[in-house]
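Trainee: Sequence and computational prediction follow.
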Amino acid sequence: MNPFILKPYDGEKWFCDPKKETKELTEAIKNKRHVTLHSIRRMGKTGLIVHVQTLLPRKYMPVYMDILDT
């Protein structure tokens, strides 16, 4: 059985949590700072964004845009 998740995010149980990046992104959102994540493909950017969205209280509504096709 393949140990790697093929979906973008399948819950906190399967997320390899980069704690520093999660904390920095969460604090940036709470302090209303604009953030751009940039790296090569398949490094976990989308997973990190979705993970942080699940941790935030409902009063925060981050916007995620996938601009790969543009």
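Mentor: That came in fine, so what should we check first?
Trainee: Based on its surroundings, how many neighbours for the nearest residue to residue 37 once chain neighbours are set aside?
Mentor: In this structure, residue 37 finds its nearest non-sequential neighbour in residue 45, 4.7 Å apart by C-beta to C-beta, 6 or more residues apart in numbering. (Each C-beta comes from the backbone N, C-alpha and C, glycine too.) By the criterion of other C-beta atoms under 10 Å, residue 45 has 17 neighbours.
Trainee: now swap in residue 51 and tell me
Mentor: Applying other C-beta under 10 Å, I find that residue 51 has 21 neighbouring residues.
Trainee: Now it: which helix or strand?
Mentor: Using DSSP states H and E, residue 51 sits in helix 45-55.
Trainee: which residues does the most centrally placed residue in the chain contact?
Mentor: Note on the chain: the residue nearest the mean C-alpha position is residue 49, at 1.6 Å, using C-alpha atoms, centre = their mean. Residue 49 is in contact with 25, 37, 62, 64, counting by C-beta atoms under 8 Å, 6 or more residues apart in numbering.
Trainee: Could you tell me the per-residue confidence at the first one?
Mentor: This means residue 25. In the predicted model, residue 25 carries a pLDDT score of 90.
Trainee: Nice, that's everything, thank you.
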